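Q: Build me a model from this:
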Amino acid sequence: MTKNITAKAHLALAAWRDTVATRMRRHAGDSGASIVEYGGLLVIIALIVVAVRGLGLQGIISSAIGGAVKSITGGT
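A: Residues are numbered from 1 along each chain as shown. From the prediction side, this is the model:
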């Protein structure tokens with residue numbers, strides 16, 4: 001019985017390893033985000049921060065996040 005479970009686990013691990021290796025080889029040409037993508041993300045985040053501060057939404061957002069955390073944690 002133990003040999004059967006060990007053999008199944010070994011086969012499952014081998015199949016998982018082969019799947020991961022195949023996916024990694026397929027995406028080998030994609031080396032990740034470039035500096036341009038990071039720069040664009042930084043600009044978007046900066047625009048969101050400026051909009052929130054300009055519209056005075058800090059208190060509303062803060063209380064909404066605090067309320068959500070309290071409802072999840074069961075705090076008072």
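
Q: list the helices and strands whichever helix in the chain runs longest packs on?
A: Taking DSSP state H as the criterion, the chain has its longest helix at helix 2-26. Using 3 or more CB pairs under 8 Å, 6 or more residues apart in numbering; DSSP states H and E as the contact test, no helix or strand touches helix 2-26. Quick note: C-beta positions are derived from backbone N, CA and C, even for glycine.

Q: Other residues contacting it?
A: The contact list for helix 2-26, computed with CB atoms under 8 Å, 6 or more residues apart in numbering, is empty.

Q: so for the helix or strand just after it, what's the average pLDDT?
A: The first helix or strand that comes after helix 2-26 along the chain, using DSSP states H and E, is helix 35-54. Here helix 35-54 scores 92 as its mean pLDDT.

Q: Helix 35-54: what's the following helix or strand?
A: Downstream of helix 35-54 (by DSSP H and E), the next one is helix 58-73.

Q: picking up where we left off before, pull the distance from the longest helix of the chain to the chain's centre.
A: Offset of helix 2-26 from its chain centre (CA atoms, centre = their mean, to the nearest Å): 25 Å.
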